[in-house]
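Enquirer: sequence first, then the predicted structure:
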Amino acid sequence: MRDEPDFEESCEESLSGPFEDSESKPHHLELRAGGALLAIEASAGMRPVLIYAGPDISGITGEELALLATRQHAPGTPSIPLRGSLLNEIGTGISGPSGITGHREGQDWALDLRVVSTKMVNGKSIHVRCEDKKARIGTNHVFEIDASTGMLRSSTSVDNIGDAPFQIDWCAALCLPFDQRLERFLSFTGRWAQEFQIEEVALFNGSIVRENKSGRTSHDVFPGGILACRDTTEQSGLALGFHLAWSGNHKLRVDRHSDGRGFLQLGELLFPGELRLEAGERYQTPQLLSVWSQNGTNGIAQAFHRFFNDTVADPRTRNKPRPVHFNTWEAVYFDHDEDTLIELAKSAASVGAERFVLDDGWFGGRRNDATGLGDWWVSEDVFPNGLHQLVKTVRELGMEFGLWFEPEMVNPDSDLYRTHPDWVLGADSVEIVPFRGQLTLDLTKKEVVTYLFEKISKLVNEYGIDYIKWDMNRDTHHPGSEGKGAMHRQTMAVYGLLDRLREKHPALEIESCSSGGGRADYRILERTDRIWTSDNNDARERQIIQRGAAHFFPLRILGSHVGPRRCHITGRELPMAFRVGSAVFGSMGMELDLRDESEEDLAILKAGIALYKKHRHLIHEGSYLALPSAKGTNLVGCVARDKQEAFFSYAKLETDLATLPQRIHFAGLDPAKDYQLRMIWPETNPSISSPSIVDQADLQGKGVRISGAALVDFGVQPPLTFPDTCLFYHLRAFE
Ligand code: GLA
């Protein structure tokens, strides 16, 4: 069970060091960084209490906060204040749901964890060690605040310090109390091809519980959300953003107790009996990331983006411009053929692609989705001379070469399954639910991981593969191994395999795909470089999906592709300028049969890719803003940190109710500066009537000089256009 990542390892080290003296008077620990404040009361022998976690309150001490948090006795309630603890365990008497539940054969279930020691490490992190000496359970709680973003990272590990096994049923990373003014819960839900849809729920007394047991982060229960006040908007008001960095099953709960207190819990969802700690063993929860903003939900998104770029992103890719992809999936599906692929590679390069990704269909007997998964060798039927000629051409065209894998899966119709039918996850006496004709391999078995590592590694070496699109296309309903629930171990094994491959092939980049955005979280992103946001390449729907996903993930990692004229998923026909416009605010790529596109559309595509390349530094490094958008529109932007330059995208998705579209109010600009405002996309005037501001202000020519204050407060009239139009505004400040 010892599966801790680096962060927890460092904590473990410090926990074994000398602790501060235990005192009997209340002992307060404070962490202040990046505009956030955490105050914990942790006195030896007492329960630890998280007094405050939120935006910094200048000058206040933990002691003062504790005094202000003093509870009032209410008739009909216990005679002493129930203050709770870091996990609100049963022994605290708190009536709301506990953050940890477990037992030892029916005994030791009423845990009551008391502080044993505390430690502040370099003024940057707080460690609290607790023990329930009777139940013989210990917990280590670690809190760290990122200095530049105020992102709080917290986690708990549980030690079985008894002689007999202890069964953990649930353990949240933390019971995080939240401000009572946060009354709205914004959850991120959806389905396949409709990821990251926001669903808002008004909090009520009781619990909102969202459980995911799909074996991935899922399309419908993203492990994260936002709590907001009644009047919080994109740009103003208090908000709390949170995310569990974990790629397997999870549970998220928001509880409002009858006394008005609210707590948030996120942790791993465990199957019955899945987590049994033998004597001396430890369980480590995934990390909970939480951050507060006083500037609305944009403050949350900006903190996540910056935290990702500075802390999570691999240094190798952090400073490398994100290349333009050409992906073969919607171009040819399983119909692979060397000549066609070479022709596509040539057209892709001619419009500006920088990476060619050969998707599903190149290996074993994989001629459709019912066969071949697991047989990781180049299909001799389709590529009698291997992939050499294709890879050579791709490189000569100046592109990187990427290859699709779905390592964790196997089709029953495969050599691998015929040889090793026992290599799959399942539960005795339960039929595996059919799902895309495939089964989940049991990566808790060493020999399975070795097989996958060797097969993938061999191909990476043989073809000098630069990039892997790592897919995972089914829910795993009853992931048993050796008779026991195994999703925790399976998830850790996936991380282990990815880590081994990264170590062996340090230049390799990897994309996390799971039928689109079904596996998107900060733990998988510690070992991958891009997320395939959604299989939905319908530009109109993509605008909404990307807007949702960008609350947690920076645009630089959100794969977004120009799809075919008639979208394969929605059947909608969309013009090229709109398809291009909707792919630029992300990690741009294309996924269409270029042979079907007209010369005119190829020219638009080429121009759009050139525009992306010119501005990607700003899109990927600038501060991201999702702005209040009138019905049927989507306004987002990126502003350079020094506010010298900005780039906004205004997408028109529906016709207007009013005769003219609502004015665009830019944001994030320096009100004291003058900006040159230009419209740089589409290439021709999109107005459907004249006269139009586009001509009168020469927006597509030299542009117009306007103050930042006017652009924000008075705004600009967008031209009247057809729906399915995307306008890019570029702003450059005068010195
Ligand atoms: C999943 C992915 C697609 C594609 C197919 C291939 O659905 O999300 O992008 O790679 O698998 O089978």
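Expert: Happy to help now that I have it. Residues are numbered from 1 along each chain as shown.

Enquirer: tell me who's in contact with the residue in the stretch 151-300 of the chain that the ligand sits nearest to.
Expert: The minimum distance from the stretch 151-300 of the chain to the ligand, using CB to the nearest ligand atom, falls at Trp192 (8.3 Å). For glycine as for every other residue, the C-beta is placed from the backbone atoms N, C-alpha and C. For Trp192, the contacting residues are His219, Ser515, Gly516, Gly518, Asp535, by CB atoms under 8 Å, 6 or more residues apart in numbering.

Enquirer: which positions in this protein make contact with the ligand?
Expert: Trp329, Asp359, Asp360, Asp369, Trp404, Asp471, Asn473, Cys513, Ser515, Gly516, Trp532, Asp535 (CB under 6 Å from any ligand atom).

Enquirer: show the backbone phi and psi for the residue nearest the centre of the chain.
Expert: Taking CA atoms, centre = their mean, the centroid of the chain lies closest to Asp521, which sits 3.7 Å from it. Per-residue torsions, Asp521: phi -160, psi 170 (degrees, to the nearest 10).

Enquirer: ok, now how distant is it from Arg579?
Expert: From Asp521 across to Arg579, the span is 28 Å (CB to CB, to the nearest Å).

Enquirer: over to His620?
Expert: 20 Å.

Enquirer: and the two? Which one has more around it.
Expert: Arg579 (28 against 20; other CB atoms under 10 Å).

Enquirer: who touches the helix or strand hosting that one?
Expert: Element membership for Arg579, per DSSP states H and E: helix 576-581. Applying CB under 8 Å, 6+ apart, the external contacts of helix 576-581 come out as 537, 539-540, 562-563, 565, 597, 600-601, 604-605, 607-609, 649, 651, 681-683, 686, 724-728.

Enquirer: what subset of those is buried?
Expert: 537, 539-540, 562-563, 565, 597, 601, 604-605, 607-609, 649, 651, 681-682, 686, 724-728 (16 or more other CB atoms under 10 Å).

Enquirer: so how far is the first residue of stretch 143-159 from its last?
Expert: Length of stretch 143-159, first residue to last, CA to CA, to the nearest Å: 18 Å.

Enquirer: among the contacts of helix 576-581, which are located in strands?
Expert: Val562, Ser649, Ala651, Trp681, Thr725, Cys726, Leu727, Phe728 (DSSP state E).

Enquirer: and the furthest pair within these?
Expert: Val562 and Leu727 (17.1 Å; CB to CB).

Enquirer: now for the longest helix anywhere in the chain, which elements pack on it?
Expert: Among the segments of the chain that qualify as a helix by DSSP state H, the longest is helix 599-621. Counting contacts by 3 or more CB pairs under 8 Å, 6 or more residues apart in numbering; DSSP states H and E, helix 599-621 packs against helix 338-351, helix 576-581, strand 587-590, strand 633-639, strand 645-652, strand 674-681.

Enquirer: go again using 7 Å as the cut-off
Expert: Helix 599-621 sits against helix 338-351, helix 576-581, strand 587-590, strand 645-652, with contacts defined as 3 or more CB pairs under 7 Å, 6 or more residues apart in numbering; DSSP states H and E.

Enquirer: quick one on the thing from earlier: now flag whichever of the ones in strands among the contacts of helix 576-581 is closest to Leu152.
Expert: Ser649 (31.3 Å).

Enquirer: contacting residues around that closest one?
Expert: Taking CB atoms under 7 Å, 6 or more residues apart in numbering as the criterion, Ser649 is in contact with Gly581, Phe585, Val636, Gly637, Cys726, Phe728.

Enquirer: separation between it and Glu199?
Expert: For Ser649, the distance to Glu199 - CB to CB - is 24 Å.

Enquirer: repeat that for His620.
Expert: Distance from His620 to Glu199, by CB to CB: 29 Å.

Enquirer: and Leu238, by the same measure?
Expert: 20 Å.

Enquirer: buried stuff in stretch 128-148?
Expert: 128-132, 135-146.

Enquirer: give me every residue that touches the residue nearest to Lys606 when sequence neighbours are not counted.
Expert: Excluding the flanking residues, the one nearest Lys606 by CB to CB, 6 or more residues apart in numbering is Val351, at 4.3 Å. Val351 makes contact with Leu602, Leu605, Lys606, Ile609 under the criterion CB under 7 Å, 6+ apart.

Enquirer: what's the distance between Val351 and Ile609?
Expert: 6 Å.

Enquirer: where does the protein dip in pLDDT?
Expert: Low-confidence segments of the chain (pLDDT under 70): 1-25.

Enquirer: farthest from the middle of it: give me that residue.
Expert: By CA atoms, centre = their mean, the chain has its most distant residue from the centre at Pro75, 45.0 Å.

Enquirer: tell me if that residue really is in a strand.
Expert: No. Secondary structure of Pro75 (DSSP: H, G, I helix; E, B strand; the rest coil): coil, not part of a strand.

Enquirer: backbone dihedrals for it, please?
Expert: According to degrees, to the nearest 10, Pro75 has phi -60, psi 140.

Enquirer: which residue packs closest to whichever residue of the chain sits closest to the ligand, ignoring adjacent ones?
Expert: The ligand sits closest to Asp360 of the chain, with a gap of 3.5 Å, by CB to the nearest ligand atom. Closest residue in space to Asp360, ignoring its immediate chain neighbours: Trp404 at 5.1 Å, by CB to CB, 6+ apart.

Enquirer: tell me which element the one you found falls in.
Expert: strand 400-405.

Enquirer: what distance separates that strand from the centre of its chain?
Expert: 22 Å (CA atoms, centre = their mean, to the nearest Å).

Enquirer: also stretch 155-175?
Expert: Taking mean C-alpha positions (CA atoms, centre = their mean), stretch 155-175 and its chain are 26 Å apart.

Enquirer: what does stretch 395-407 give?
Expert: That offset, for stretch 395-407, works out to 24 Å (CA atoms, centre = their mean).

Enquirer: in that stretch, what counts as buried?
Expert: Arg395, Leu397, Met399, Glu400, Phe401, Gly402, Leu403, Trp404, Phe405, Glu406, Pro407.
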